[in-house]
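Colleague: just need the structure, nothing else, for what follows:
(chains A and B)
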Amino acid sequence: MTPERAPRTLLLPACLAGALALLPLAYLAVRALERGLGYAWGIVTTEHTVLLLGRSLGLATVVVSACLLLGISLAWLTARTTLPGAAVWSVLATLPLAIPSYVAAFAWQSAIPGLAGFVGSAVALTLVSFPYVYLPVAATLRGIDPAHEEVSRSLGIGPVRTFLRVTLLQVRPAAAGGGLLVVLYVLSDFGAVSLMRYDTFTRGIYTSYQASFDRTPAAALSVVLVLMTVTLVALEVRTRGRAGHFRVGGGAARRVASHSLGRAAVPALAWCGAVTAAAVVFPLGALGYWLAAGNSATWDPARLAHTAGVTLGVAAAGAALTTVLALPVGAVAARYRGRTAHLLEQAAYAGHALPGITVALSLVFFAARYAYPLYQELPLLVGAYAVLFLPVAVAAIRAAILQAPPVLESVARSLGRRPLRVLREVTVPLAAPGVAAGAALTFVVCMKELPATLLLRPTGMDTLATRLWTETGVGAFAAAAPYAAALIVLAAVPSYLLGRHRT
Amino acid sequence: MTELQITGLTKAYDPGSTVLCGLDLTVPSGSLAAVLGPSGCGKTTLLRIIAGFLRPDAGTVTVGGRVLSGPGIQLPPEQRRIGIVPQEGALFPHLSVARNVAFGLTDRAGRRQRTDELLDLVGLAGYGDRMPHELSGGQQQRVALARALAPRPALVLLDEPFNALDSALRADVRADVRAALRATGATALLVTHDQQEALSTADLVAVVRNGRIAQCGTPQDVYRHPMDSWIAGFVGDAILLPATAVNGTATTALGTVQLRTPSGTTADTPRQGTVLLRPEQLELTEPTANTPRGTVTDVRYYGHDAMITLAVDHLNVPVNIRVADPVTPQLGDHTGIRIIGQATLHP
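Modeller: Below is the predicted model of the structure:
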């Protein structure tokens, strides 16, 4: 046990970080309502907005349905059957998480230009986001008690109906949680839909911002998008809370029996192979093809190296700022209970619900009015990264601090150390591996970020993601490929280190 | 002077579940007091309030006349000058032994010397460069004590520090800790649920029950004159016998015993009550017609002595008697019983 109340010296920087995380949300609302509620309402209820809304929701529905089909089928095959090479397939099924949606869109569009629009967006988004369903469902399937299925079979119900009536019911909370994450991903996505030239909410906001000097429409649309995503996050948190109740009794009762596939092994293997081919092999293959097809006109090593350097620089700055801001929040969230600590954690998680484009817009508005010297300057971009990825860093740091015994902090206090020095001299060194992992993860997501970077980067500056986006946008696939390859390679290094750290 | 004075300490985590209710305790300067109580009696809460990690609902804590917690006052832990020795030592795993000990020393100049001095005091001179995981459990505990004592605290709190040690090591570490505390003259409070530890280590034993001090006194006092039968049973093996007291003598199923406080009973006004005896207050005799008699039902041999369990005629509970080695009684033997010394009559 630690002191019941967080000391002020820790709470103050934590509140500062929380306020920073909430600033875009608040300012967006202010800006949207600047010209009166009626004006904003008028924009939100135009036919165009309703069309955007319908497209976003339609895309989300199709993608989430496809993800549930892919995720649950692969999870069942890898976790509960005698599928040959199940361990390899389960690794392959998580790999698409490492592919940014705009890289998938680049691959599909460069191969089949006619795919652009709704179908292309749906294919690209499904193939990068189905692991959000696969991972929790596979974990649940590995952990469930086989007794229920056995009881069902003993009561005379066949294997297929048992799967539908018993197994599927048991994975429902996990699948629902994963499905909500997919919907959130689709609604926030900018990269895939913009490259596929499909007008959803995010692309609509971007177009409206670029096209008009009146910034209120963009702000009002952003508010609607944020309301949708916040609702989804709240739903996701609720399903996560309930999922716990489905596990009755702790501990692994028995090893889960594997269903023998028999002759069905061949179609099962074909299915897994097809999904993996489409989600992992195809994008990498397309990338390889365009790299090989490139010539000296498309290859500009000096420019590529420069862009890579810039990307690493801004991502490092973003990760550093995010980690520093997340430290006090993570410490308070891990060590103290009570209303303030809870509110603070919730505020830090706000970025989780904010699509990158809305955060970028709100910071553009804010800087244009109150901090003009920062407008389209690096600090603003780094600040946007911090707002967007604070949840990533806070979650990692909180988990790391929970691992360090709190009694050590009590001892340090009793030996005359003030709370902030305790954080620096005891908590952080002990939690260092976890904090480093959180920083590395933040670094990777900063590097891959697209919409906020597009809007907030200083004039003339490019990251790998924005170059890739620009070149693909004009159909220069061979010129885009080196940037995609560099991005994947650079992002893979910290990911690989993270994986090694965990094992 | 670093006398610890606690008055009226009250703490409730939730309304309706009071952990401490008006606890009073005074520990004279330089003495080692044990707070003894069953788990959940509030002793850990007491410790955390004294150290400043919890805020009491009411009451005051003063050390050497300086108010640490009180109405409108709540000093943070780092300003209290109270050292703590947690369970299992809780050494900083990322710091060497020397840097652990020096952690609370702010004076750069004397740091090195003071560290060596304390490592020497706890018998670990030359261990400064080791890392905590390279030490045994007992050594870690000694380093934890050295670390707590290094900044010359006004008070040292020890939270069941010997729990994690195996029993052979425990007595040694306990003796060393006591010697180190004596050498520095620090006032100390040891929290424990182990009555042997409390009686053998402390100058003063405070028995806590339901958030209050049930009894506070020297180990001999608490063991020999417990205030009630619950305390009697908690601080040691106790034989509780229904008795009738007349003229300062109580008659029990095991014979008569002299009462310490006659309390004015006469032949006309006999009193009913319970007499408390310790197993070492009973003696086995040859079975004769006019002594109470029993049959040996169990013999537990400990080496230095043994506990004999008897089934006694006219008594429905078994009686334990401690006898010194060599132990002669055998299972099934018939024997007589005699009470030695005095006892107290509890209502």
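
Colleague: can we go C-alpha only for contacts and neighbour counts from here?
Modeller: OK.

Colleague: where exactly do the strands run in the stretch 201-347 of chain B?
Modeller: Ranges of strands in the stretch 201-347 of chain B, per DSSP state E, counting those that start in this stretch, are B:204-209, B:212-217, B:239-246, B:249-252, B:255-259, B:271-277, B:282-285, B:293-301, B:305-312, B:319-324, B:334-339, B:342-343, B:345-346.

Colleague: show me the contacts for the residue nearest to A:L97 when sequence neighbours are not counted.
Modeller: Nearest non-adjacent residue to A:L97, counting by CA to CA, 6 or more residues apart in numbering or on different chains: A:V128, 5.9 Å away. Taking CA atoms under 8 Å, 6 or more residues apart in numbering or on different chains, we find A:V128 in contact with A:P96, A:L97, A:I99, A:P100, A:S101, A:A104, A:A279.

Colleague: chain A: which of the strands of the stretch 201-347 of chain B is closest?
Modeller: strand B:204-209 (20.9 Å; CA to the nearest CA).

Colleague: and stretch B:30-45, end to end?
Modeller: One end of stretch B:30-45 sits 23 Å from the other (CA to CA, to the nearest Å).

Colleague: give the buried residues for it.
Modeller: For stretch B:30-45, the neighbour count (16 or more other CA atoms under 10 Å in any protein chain shown) marks B:30-38, B:41-45 as buried.

Colleague: and what of stretch A:201-215?
Modeller: For stretch A:201-215, a neighbour-count test (16+ other CA under 10 Å) marks A:F201, A:T202, A:R203, A:G204, A:I205, A:Y206, A:S208, A:Y209, A:R215 as buried.

Colleague: neighbours around B:R66, how many?
Modeller: For B:R66, the neighbour count with other CA atoms under 10 Å in any protein chain shown is 13.

Colleague: now it. Its backbone dihedrals?
Modeller: Per-residue torsions, B:R66: phi -90, psi 120 (degrees, to the nearest 10).

Colleague: pLDDT score assigned to the residue nearest to A:L97?
Modeller: A:V128 is assigned a pLDDT of 92 by the prediction.

Colleague: so the residue of the stretch 101-250 of chain B found nearest chain A: helix, strand or coil?
Modeller: Per CA to the nearest CA, B:G104 is where the stretch 101-250 of chain B lies closest to chain A, at 4.6 Å. Three-state call for B:G104 (DSSP: H, G, I helix; E, B strand; the rest coil): coil.

Colleague: who in chain A is up against chain B?
Modeller: The interface of chain A toward chain B, taken as CA under 8 Å from any CA of the partner chain, is made up of A:2-4, A:407-408, A:410-418, A:426, A:429-430.

Colleague: now with 6 Å?
Modeller: A:P3, A:L408, A:R413, A:S414, A:L415, A:G416, A:R417 (CA under 6 Å from any CA of the partner chain).

Colleague: these two touch, right, B:G70 and B:T60?
Modeller: Yes. Between B:G70 and B:T60 there is a contact at 4.2 Å, judged by CA atoms under 6 Å.

Colleague: compare the two (neighbour count), which wins?
Modeller: B:T60 (23 against 19).

Colleague: does that one touch B:T7 like I think?
Modeller: Yes. Using CA under 6 Å, B:T60 is in contact with B:T7, at 5.4 Å.

Colleague: overlap in contacts, those two.
Modeller: Taking CA atoms under 6 Å, 6 or more residues apart in numbering or on different chains as the contact criterion, no residue touches both B:T60 and B:T7.

Colleague: list the buried residues in stretch A:163-182.
Modeller: Buried residues in stretch A:163-182, counted by 16+ other CA under 10 Å: A:163, A:166-168, A:170-182.

Colleague: have a look at chain A and report the helix or strand with the lowest mean pLDDT.
Modeller: helix A:147-154 (a mean of 68; mean pLDDT, DSSP states H and E).

Colleague: which element is A:A395 on?
Modeller: If you go by DSSP states H and E, A:A395 is part of helix A:378-403.

Colleague: so for the residue of chain A found nearest chain B, what's the pLDDT?
Modeller: Nearest residue of chain A to chain B: A:G416, at 3.8 Å (CA to the nearest CA). Each residue has a pLDDT score; the one for A:G416 is 89.

Colleague: chain neighbours aside, what residue packs nearest to it?
Modeller: Nearest one to A:G416, counting by CA to CA, 6+ apart, is B:E78 at 3.8 Å.

Colleague: one more: A:T311?
Modeller: A:T311's closest residue in space is A:T463 (CA to CA, 6+ apart), at 4.8 Å.

Colleague: that neighbour touches A:L312, doesn't it?
Modeller: No. Using CA under 6 Å, A:T463 makes no contact with A:L312, being 8.6 Å away.

Colleague: in chain B, which residue sits nearest chain A?
Modeller: For chain B, CA to the nearest CA, closest residue to chain A: B:E78, 3.8 Å.

Colleague: neighbours around B:R271, how many?
Modeller: Using other CA under 10 Å: B:R271 sits among 19 other residues.

Colleague: okay, it and B:V246: tell me how far apart.
Modeller: For B:R271 relative to B:V246 (CA to CA), the value is 7 Å.

Colleague: and the helix or strand hosting A:A21, what's buried?
Modeller: Using DSSP H and E, A:A21 sits within helix A:8-32. Going by neighbour count (16+ other CA under 10 Å), the buried part of helix A:8-32 is A:10-11, A:13-15, A:17-25, A:27-32.

Colleague: great, nothing more from me.
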